[in-house]
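**Q** Just to be clear, the model below is a prediction. Sequence and coordinates:
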Amino acid sequence: MPRAVPLLLAALTLAAALVIARSVPLIDPDEGRNAEVAAEMSRSGDWVVPALAGMPYLDKPPALFWAAALAIRGFGRTAWAVRLPAALAAAATMALLCGLARRREDDAFALRCGLLLLAAPLFLMLSAYVIFDMPLTLCVTLVWTGLVDELESGATARGRLLMFAGVGAGLLVKGPVMLAWAAGGSAAAALISRSRAPLRWLAWWPGWVLALAVAGGWFALACRRHPEYPHYAFLEESLERLSAGSFHRDQPPWFVPAVLLGGGLPWSLATPWSRRLGAASRVALGFVAFAAVFFTLSHSKLVTYLLPAFPPLAWIAGEAWTRAGAAARATTLLAILYALLGVACGVAAAYLNASRAPVAPAGVALGLAIGLALTALATGIVARRAPRAGFAMNLAFTPLLLVIGHPVIAGYAAANSGAPLAAAITQTLPPGAPIRYEGCYSPGTEFLLGRHSQLVSDAGHETTSNYQARYRRMLLARGQWTPVAATAAGPAQGVVRPARDPRPAPAGGVQFHADRRFVAYRGAFAGAAAEP
């Protein structure tokens, strides 16, 4: 089978992502919010302007919501269904990476690059996460792998059409940042290669016609209904994120290196990196370098923003591991690294136990310490007897982390999910009973219940939508604002408040649920009963 390795690794990626998708609930606010937007799109049939809590939600373009809404229609309103687009994007990214590696080198190199990418904790964990960065990673990978093919084999209309299709799709996934990845990554590759060749594809005007046609049609329809959208999309959502700290996502200078190292443990530290790079690796390094510089300078940084840098980073690492002598030394270094990580986990277990932390974190830390110690021993033996096989020991860390750490991961997800509240409402209140949120909101709960509940709020910040908060007056004027003032609250059979709300229980209310985020009461609550 000529494409066996890319297909095998793509299938393995998809299977691993779906296992993760089924093992933990949706996490608020990001996953719950994006899932609820997709569910509202599926219910309303409005495929132009996404909505959240019944209000327009133009914080991001609609491509992820389209895919998740289709998954909901095909597989039902479940967590794994809305996570399916991310899982498929991860599998397609893997297929592109391994396909390029096989064309440029051989099956062994394709297997090496693919396994390194799959072993990166950040890539695997985000392969089942309802956010925009994995689909964006697919679009960026389509661009840089296409650029490598063009530089190695010559430009073709088909190859460039695919690259610009990736640009257009990326614009529909996450907006103008896709242009930065495409142009910035190519410019950095040109600087590293000391050649203008990586920039030539950007001057191909038929491609820009395709990219703008893909994204421009939706953009025109959205602007027709919301004329303020260009100002929000280009100035507030894009330029302001980069140049100002108003989104409160600024990070220290070491943030980007820490993410690149931590997201690819252990191979990010153990790989025998070299300055001697092939032509393809110089292109890949260009996209990694762009990410490092761009997001270091940006005033808006999240761990997930760096995800598109990991496929090219895995390519460079795969090339480095082909050097036999360097790989032997790297395996010894890997054994030492596992030992150090094991000691760190052992210290953490002792600290958690002494501080009387919950049993699960302490037990997980101890389990990781034991697992890493055994892995360090095995890696040390391999380093002495079969150094070429030492590469395989890179693959042990992420499975250990996910299997042994599952109780903590699942506990964190449950503590930040709307699933417990949704389950309590389903078990306690009659179907369709009116629910009222007072000063809080759980999109994950709304998604699981498949309904709209009333939100009592002065400014609507509880939806965590920057667009809705900033254009509140405009939405009010259009009759598109759904939160109500306390004096306009309608009758309800359930009231949900923040867990730290200092007010006493509503009159006649009986508490039926409480967790770290919410407290919920049942009763017959009259309209306009919420306290300001």
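**A** Happy to help now that I have it.
**Q** ok, so what distance separates Val510 from Ala524?
**A** 11 Å (Cβ to Cβ, to the nearest Å). Yep, even glycine has a C-beta here, placed from its N, CA and C like the rest.
**Q** Please apply the same query to Tyr232.
**A** Relative to Ala524, Tyr232 is positioned 42 Å away (Cβ to Cβ).
**Q** Of these two, which one has the most company?
**A** Tyr232 (18 against 9; other Cβ atoms under 10 Å).
**Q** nearest spatial neighbour of that one, skipping sequence neighbours?
**A** Nearest residue to Tyr232, sequence neighbours excluded (Cβ to Cβ, 6 or more residues apart in numbering): Tyr467, at 6.0 Å.
**Q** Then Gly264?
**A** Of all residues not flanking Gly264 in the chain, Ala120 sits nearest, at 4.5 Å (Cβ to Cβ, 6+ apart).
**Q** How about Gly184?
**A** The nearest residue in space to Gly184 (Cβ to Cβ, 6+ apart) is Phe290, at 4.2 Å.
**Q** element containing Tyr129, please.
**A** Counting by DSSP states H and E, no helix or strand carries Tyr129.
**Q** Doesn't Gln511 belong to a helix?
**A** No. Counting by DSSP: H, G, I helix; E, B strand; the rest coil, Gln511 is not found in a helix; it is strand.
**Q** Which residue, neighbours along the chain excluded, lies closest to it?
**A** Closest to Gln511 by Cβ to Cβ, 6+ apart is Tyr521, at 5.4 Å.
**Q** Check the secondary structure at Phe287 for me.
**A** At Phe287 the chain is in helix, as set by three-state DSSP.
**Q** Need the phi and psi values for the spatially closest residue to it that is not a sequence neighbour.
**A** Spatial nearest neighbour of Phe287, chain neighbours left out: Gly185 (3.8 Å); criterion: Cβ to Cβ, 6+ apart. Main-chain torsions, Gly185, degrees, to the nearest 10: phi -60, psi -40.
**Q** quick one, what contacts Gly185?
**A** Val140, Val143, Trp144, Gly286, Phe287, Phe290, Ala291 (Cβ atoms under 8 Å, 6 or more residues apart in numbering).
**Q** Against which helices or strands is the helix or strand encompassing the last one packed?
**A** It refers to Ala291. Element membership of Ala291, judged by DSSP H and E, is helix 279-297. Counting contacts by 3 or more Cβ pairs under 8 Å, 6 or more residues apart in numbering; DSSP states H and E, helix 279-297 packs against helix 133-153, helix 177-193, helix 255-262, helix 310-320.
**Q** and of these, who's closest to Phe109?
**A** helix 310-320 (6.1 Å; Cβ to Cβ).
**Q** List the buried residues for the helix or strand that the closest one is followed by?
**A** Going down the chain from helix 310-320, the next helix or strand is helix 324-354, by DSSP H and E. Neighbour-count burial for helix 324-354, counted by 16 or more other Cβ atoms under 10 Å, picks out 327-328, 330-335, 337-339, 341-342, 345-346, 348-349, 352.
**Q** could you give the angle of helix 324-354 to helix 310-320?
**A** Relative orientation of helix 324-354 and helix 310-320, computed by axes from the mean of the first three to the mean of the last three Cα atoms, to 10 degrees: 130 degrees.
**Q** From Val408, how far off is Leu374?
**A** For Leu374 relative to Val408 (Cβ to Cβ), the value is 20 Å.
**Q** who has more neighbours, those two?
**A** Comparing Leu374 with Val408 by other Cβ under 10 Å, the one with more neighbours is Val408, at 18 against 14.
**Q** Okay, strands next: where are they in the stretch 51-200 of the chain?
**A** Secondary structure of the stretch 51-200 of the chain by DSSP state E, counting those that start in this stretch: the strands cover 51-52, 55-56.
**Q** Show me what the last one pairs with in its sheet, parallel or antiparallel.
**A** In this case it means strand 55-56. Strand partners for strand 55-56, identified by DSSP bridges, are recorded as strand 51-52 (antiparallel).
**Q** quick one: average confidence on the strand it pairs with?
**A** Across strand 51-52, pLDDT averages out at 97.
**Q** hmm, who's touching it?
**A** With Cβ under 8 Å, 6+ apart as the test, strand 51-52 has contacts from Arg33, Glu36, Val37, Glu40, Met41, Ser44, Tyr57, Pro443, Thr463, Ser465, Gln468.
**Q** Adding distance to Arg517 and pLDDT, write the residues you listed out as CSV.
**A** As requested, the contacts of strand 51-52 are exported to CSV (distance: Cβ to Cβ, whole Å; pLDDT from 0 to 100):
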residue, distance to Arg517, pLDDT
Arg33, 14, 96
Glu36, 16, 97
Val37, 20, 98
Glu40, 22, 97
Met41, 25, 97
Ser44, 27, 94
Tyr57, 21, 97
Pro443, 12, 96
Thr463, 15, 94
Ser465, 18, 93
Gln468, 20, 95
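**Q** for the residues you listed, which one is nearest Ala486?
**A** Of all the contacts of strand 51-52, Ala486 sits closest to Thr463, with 17.2 Å by Cβ to Cβ.
**Q** Could you measure from the residue nearest to Phe287 over to Ile131?
**A** In terms of Cβ to Cβ, Gly185 sits 21 Å off from Ile131.
**Q** so where's this protein shaky on pLDDT?
**A** Across the chain, residues meeting the criterion (pLDDT under 70) sit at 1-2, 240-249, 324, 357, 387, 528-532.
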